[in-house]
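1. What would the 3D arrangement of this be:
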Amino acid sequence: MREIHRILDANFNRAREALRVIEDCGRFVLNDPAITAMAKHFRSDLKDLLDELPYDELITSRDTPGDVGRELSSPGEIDRQTVRDVATAACKRLTEALRTIEEYSKILAPKVAESIERMRYDAYTLEQRLTSRFLTAERFAEVKLYAMISASLCRNASLREVARGAVAGGAEALQLREKDSHDDVFLAMAAELRELTDETGKLLIINDRPDIAAIVGADGVHLGQNDLPISEARKLLRPDAIIGRSTHSLAEAKSAINEGADYIAVGPIFETRTKDYPTVGPELLSEIMAEVSLPVVAVGGITSANAGQLVSLGARCVAVCGDICNATNPKAATQALSKLLP
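-> Take a look at the predicted model:
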């Protein structure tokens with residue numbers, strides 16, 4: 001039995017070490033409360049299962065100096081280019097260790113093996129959520145022109161025509177922003193834009209309403225300062241959902257990052273009728289861009305006449321509403337903006 005004890009000891013250690021790597025990634029890199037909690041609970045459950053095994057025998061069977069695999073390694077073991085590489089490797093190490101524990105526990109403790117099997121499937125879910133969060137960040141990082149569509153501002157064309165024009169003109173993401181519409185109307189508009197963005201491969205973000213976003217399968221939701229906490233909104237959305245937060249100060253931007261936002265919107269940069277907050281100016285945008293690593297979206301009063309000013313400050317993404325919705329030719333208006341962006 002000593003050989004089995006050594007195998008179980010080594011793989012319980014591997015699993016716990018992998019979970020610590022995953023937990024720290026969720027906590028310090030992704031700022032994701034759900035991933036952090038899942039990994040933490042995993043470690044606790046694993047300890048409880050270890051307590052059901054002959055722990056003393058496992059420890060005394062350990063022979064690190066005599067381990068023939070200690071000196072064996074492959075080039076891939078040290079090939080880590082990004083945080084995502086580190087986290088992905090930890091997920092693979094976790095599921096492999098759990099499978100080994102499951103198989104060898106069948107000899108010593110079949111009930112432990114059954115519990116480990118369930119845990120292994122949960123580990124696949126944890127891996128999927130972690131990978132989805134990294135993919136989410138990568139997807140939004142590609143957005144340069146973020147078109148905010150509001151039916152009340154679409155005076156020269158229908159909401160669908162404006163949205164189609166924005167997509168054709170170069171917008172990588174659409175946000176449906178409806179502050180006064182009834183739920184049934186809001187839902188119908190969201191479904192219409194979801195169909196359009198599915199056809200064209202663009203992102204659809206719903207303003208304020210994670211419930212509507214969940215129903216139509218939107219790519220994410222944008223939340224204001226007084227909307228749901230990000231952790232609560234994530235409970236309603238799919239694991240790879242993008243969540244942005246409006247911010248009006250450096251303190252609010254840092255708070256949004258700690259909450260787990262995937263991007264932050266800063267504004268209103270210029271005077272606008274669509275925002276209730278005082279103008280913050282390009283200066284705050286520059287200050288926040290210098291302090292944070294998340295994608296930063298400049299928003300509020302942005303037009304083709306002033307977008308270039310923000311680009312010169314280093315802005316990589318702007319959100320535009322009136323200049324597109326009010327345009328007689330939304331496609332041309334969007335193209336004019338798109339040409340100004342990096």
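2. now the strands: where do they sit in this structure?
-> 145-149, 173-176, 203-207, 220-223, 242-247, 263-266, 296-299, 318-320 (DSSP state E).
3. Work out the sheet partners of the last one and label each with its direction, please.
-> Okay, so that is strand 318-320. Here strand 318-320 has these sheet partners by DSSP bridges: strand 145-149 (parallel), strand 296-299 (parallel).
4. show me the contacts for S312.
-> Counting by CB atoms under 8 Å, 6 or more residues apart in numbering, S312 touches no other residue. (Each C-beta comes from the backbone N, C-alpha and C, glycine too.)
5. For it, report the pLDDT, please.
-> Listed pLDDT for S312 reads 97.
6. Next: F134.
-> Per-residue confidence (pLDDT) for F134: 86.
7. ok, for it, nearest residue in space, not its chain neighbours?
-> Excluding the flanking residues, the one nearest F134 by CB to CB, 6 or more residues apart in numbering is R84, at 4.6 Å.
8. before we move on, back to that, columns distance to A10 and mean pLDDT on top of the strands of the chain, output as TSV?
-> Below are those laid out as TSV (distance: least, CB to CB, whole Å; pLDDT from 0 to 100):
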stretch	distance to A10	mean pLDDT
strand 145-149	49	98
strand 173-176	47	98
strand 203-207	44	97
strand 220-223	41	98
strand 242-247	39	96
strand 263-266	42	97
strand 296-299	45	98
strand 318-320	51	98
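9. Give the burial count for L108, as a bare number.
-> Close neighbours of L108, defined as other CB atoms under 10 Å, add up to 17.
10. Contacts only, for it.
-> When contacts are counted by CB under 8 Å, 6+ apart, L108 touches M1, I4, L8, L53, P54.
11. hmm, back to that, let me know how buried the residue nearest to F134 is, in neighbour terms.
-> Residues near R84, counting by other CB under 10 Å: 19.
12. Check V162 too.
-> 27.
13. mind listing what it touches?
-> So V162 contacts I149, C154, I324, C325, A327, P330 (CB under 8 Å, 6+ apart).
14. Would you confirm that the first one contacts L176?
-> Yes: with contact defined as CB atoms under 8 Å, I149 counts as touching L176 (5.7 Å).
15. what residues are shared contacts of these two?
-> L193.
16. higher neighbour count, those two?
-> The residue with more neighbours, out of I149 and L176, is L176; 28 against 25, by other CB under 10 Å.
17. what does the domain assignment say about the protein?
-> The domain map for the chain lists 2-138, 142-338, with the assignment taken from automatic domain parsing.
18. Just the contacts of V162: which are in helices?
-> Those of the contacts of V162 mapping onto helices are I324, C325, P330, per DSSP state H.
19. Save these as CSV, and put in pLDDT, neighbour count and distance to A241 too.
-> Shown next, in CSV, are those (pLDDT from 0 to 100; neighbours: other CB atoms under 10 Å; distance: CB to CB, whole Å):
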residue, pLDDT, neighbour count, distance to A241
I324, 98, 28, 24
C325, 97, 27, 25
P330, 97, 27, 27
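20. And the helices in the stretch 51-200 of the chain?
-> 55-60, 83-108, 110-141, 159-169, 183-200 (DSSP state H, counting those that start in this stretch).
21. Distance check, the residue nearest to F134 against Q225.
-> Distance check for R84 against Q225: by CB to CB, to the nearest Å, it reads 30 Å.
22. From A261, how far off is K254?
-> 10 Å.
23. who's more crowded, these two?
-> Taking other CB under 10 Å, K254 and A261 do not tie; A261 has more neighbours (24 against 15).
24. Who are the contact partners of that one?
-> N31, I230, I243, G244, R245, L294.
25. ok, 7 Å please
-> Each residue near A261 by CB atoms under 7 Å, 6 or more residues apart in numbering is listed here: I230, I243, G244, R245, L294.
26. cool, and P239?
-> Neighbouring residues of P239 by CB under 7 Å, 6+ apart: Q128, R129, S132.
27. hang on, isn't the last one packed against D240?
-> Yes: the pair S132 / D240 is scored as a contact, 3.5 Å apart, by CB atoms under 7 Å.
28. Nearest residue to the residue most central in space within the chain in space, please, no chain neighbours.
-> By CA atoms, centre = their mean, the mean C-alpha position of the chain lies nearest to R133, the distance being 3.8 Å. Spatial nearest neighbour of R133, excluding adjacent residues (CB to CB, 6+ apart): L30 at 5.1 Å.
29. what number of residues lie near the one you found?
-> 22.
30. still on that earlier bit, what subset of the contacts of L108 is buried?
-> L8, L53 (16 or more other CB atoms under 10 Å).
31. JSON lines please, covering the contacts of L108 and showing pLDDT.
-> Listed next are the contacts of L108 as JSON lines, based on pLDDT from 0 to 100:
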{"residue": "M1", "pLDDT": "87"}
{"residue": "I4", "pLDDT": "96"}
{"residue": "L8", "pLDDT": "97"}
{"residue": "L53", "pLDDT": "93"}
{"residue": "P54", "pLDDT": "92"}
